[in-house]
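Trainee: Quick one: sequence and predicted model below, then my questions.
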Amino acid sequence: MNRLLLLTPRTLKIAIVAVPFLLFALYFAIFASDRYVSESVVTVRQAGSNASSAIPGAALLLAGINPPAHEDTMHLREFVHSQALALQLDQKLKLREHFGRVRLDPMHRLPSDATIEDYVRYFRDHVEVQYDERSALLKVRTQGLDPEFSQRFNAAVLEASERFVNETSHRIAREQLQFAETELQLAGRRVQDAANAVLSFQSKNKLLDPTVQAQATGALTVELEGMRARLEAELGGLRGFLNEDAYQVQALKSRIDALDRQIDAERKRATDADSKGPRLNKQALDFQALQLQAEFARDAYKLALAAVENARIDATRKIKSLVVIEPPSRPQTAEYPNVGYDLATVLAASILLYAIARLVLATIREHHD
């Protein structure tokens, strides 16, 4: 406590302000390594939009034909800082080797034995991604120990980003189209199965169309009943002047009996379950059900075919691409370290700490006295 009380303002100023400032100045002058920054500006665009394709000529009127894909741009920002990209670019550009060259700069040197987690954190510190929500533009800033490497670093990031955008959009389009084509194949098999069911029914019952046959049977029954009515009228006329045993009367009665048997046979064929063979009305109903199934299958196939065509069109519309607004720049001067700004920050922090120390010591002295 007594030693603290013996500290003079000059001693404090030297210890808290002068020494740290000189140490940092010495570090910047001797040890700090220059770091160059290459910048590029990109955005993600969609190949088309529903509005522009639905109305012919709308492309001339609408400004948002290729609107920036906000969500995809955000995904791209996360990809640029991903571990996968960090490891990929290390294999391509030897980032560990490049940033491990600054052996005398302990603050910005990447140790050769750095873990993957340490390397990824270092990578993210040297790849800056700035997103402008208003314009949906993405600015990519990469650091390097020389201008050429920082530019190559930035170009490699853009190349990987373009591949990421293309693969993502194409994969989604392929999955949608593949699903539609699978549904089309299923619909085609249903059409074939329904057609085979109709053919099997026709072959089994030896009828091309039971509905038409039932209509023909009904028409024949009506015609036979008409003939029977005429014969009954004729028989009534003969009975007025001939005996019941007369040849003409017996002949008409025989014809009427034959018509009755034929009418009864036709009716049984159409409706009687006890007749030989299946009922014609049931065959007609079964055949109509098969026809409805076949028609439904054909309609479903048409819808599936239209869905495939729509999926192909949508796949073209949904394909996205990386648009480079500003290619990677080649810096002429080092941006880091910003010696003036850093020294000013150190000096301001030291002065603030010095003022706090003076205040603390003054309070201690006051209580001590």
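Mentor: Arrived safely.
Trainee: From now on I want contacts and neighbour counts done on CA atoms only, so please keep to that.
Mentor: Noted.
Trainee: The biggest strand by length in the chain - contacts with which helices or strands?
Mentor: Criterion DSSP state E: the longest strand present in the chain is strand 36-46. Secondary structure elements in contact with strand 36-46, counted by 3 or more Cα pairs under 8 Å, 6 or more residues apart in numbering; DSSP states H and E, are helix 70-80, strand 137-144, helix 147-205, strand 320-326.
Trainee: and that strand, C-alpha only, in CSV?
Mentor: The C-alpha coordinates for strand 36-46 follow below in CSV (Å, rounded to 0.1, in the frame of the first residue of the first chain):
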residue,chain,number,x,y,z
TYR,A,36,-3.2,-6.9,-48.2
VAL,A,37,-7.0,-7.0,-48.7
SER,A,38,-8.6,-8.0,-52.0
GLU,A,39,-12.3,-7.0,-52.4
SER,A,40,-15.1,-8.3,-54.7
VAL,A,41,-18.8,-7.8,-54.8
VAL,A,42,-21.3,-10.5,-55.9
THR,A,43,-25.0,-11.3,-55.7
VAL,A,44,-27.2,-14.4,-56.4
ARG,A,45,-29.7,-14.0,-59.2
GLN,A,46,-32.5,-16.3,-60.3
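Trainee: Now that strand: average pLDDT?
Mentor: Per-residue pLDDT over strand 36-46 has a mean of 92.
Trainee: quick revisit: output the helices and strands packed on strand 36-46 as a markdown table; include the columns distance to Leu235.
Mentor: A markdown table is the format used below for these (distance: least, Cα to Cα, whole Å):
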| stretch | distance to Leu235 |
| --- | --- |
| helix 70-80 | 94 |
| strand 137-144 | 103 |
| helix 147-205 | 40 |
| strand 320-326 | 91 |
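Trainee: Against which helices or strands is whichever strand or helix holds Arg261 packed?
Mentor: Per DSSP states H and E, Arg261 falls inside helix 247-271. When contacts are defined as 3+ Cα pairs under 8 Å, 6+ apart, helix 247-271 packs onto helix 210-238, helix 280-318.
Trainee: Run the angle between it and helix 280-318 for me.
Mentor: Taking axes from the mean of the first three to the mean of the last three Cα atoms, to 10 degrees, helix 247-271 and helix 280-318 form an angle of 40 degrees between their directions.
Trainee: and this structure, what are its domains?
Mentor: Domain ranges of the chain: 33-179+316-368, 190-313, per automatic domain parsing.
Trainee: what's the offset of the longest one from the middle of its chain?
Mentor: In this view, domain 33-179+316-368 has its centroid 26 Å away from the chain centroid, taken as Cα atoms, centre = their mean, to the nearest Å.
Trainee: Kindly report the same for the last one.
Mentor: Offset of domain 190-313 from its chain centre (Cα atoms, centre = their mean): 55 Å.
Trainee: Going forward, count from 415.
Mentor: Sure, I'll start counting at 415 from here, so that last one is domain 604-727.
Trainee: how far does it stretch from start to finish?
Mentor: Taking Cα to Cα, to the nearest Å, the first and last residues of domain 604-727 lie 25 Å apart.
Trainee: what pLDDT, on average, does it get?
Mentor: Mean predicted confidence for domain 604-727 is 76.
Trainee: Which parts of stretch 766-778 count as buried, going by neighbours?
Mentor: The neighbour-count check on stretch 766-778 (16 or more other Cα atoms under 10 Å) flags 767-769, 771-772, 775 as buried.
Trainee: same thing with stretch 715-726?
Mentor: Buried residues in stretch 715-726, counted by 16+ other Cα under 10 Å: 715, 718-719, 721-722, 725-726.
Trainee: And for stretch 586-601?
Mentor: Buried residues in stretch 586-601 (16+ other Cα under 10 Å): 587, 590-591, 594-595, 597-598, 601.
Trainee: on that earlier part again, ranking the helices and strands packed on strand 450-460 by burial, who's on top?
Mentor: strand 551-558 (a mean of 23; mean count of other Cα atoms under 10 Å).
Trainee: Note down every partner strand of it and its orientation.
Mentor: strand 450-460 (antiparallel), strand 541-546 (antiparallel) (DSSP bridges).
Trainee: quick revisit: switch the buried residues of stretch 586-601 over to a markdown table; also include pLDDT and distance to Gln697.
Mentor: Shown next, in a markdown table, are the buried residues of stretch 586-601 (pLDDT from 0 to 100; distance: Cα to Cα, whole Å):
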| residue | pLDDT | distance to Gln697 |
| --- | --- | --- |
| Ala587 | 77 | 48 |
| Gln590 | 81 | 43 |
| Leu591 | 83 | 42 |
| Ala594 | 86 | 37 |
| Glu595 | 87 | 36 |
| Glu597 | 89 | 32 |
| Leu598 | 89 | 31 |
| Ala601 | 89 | 27 |
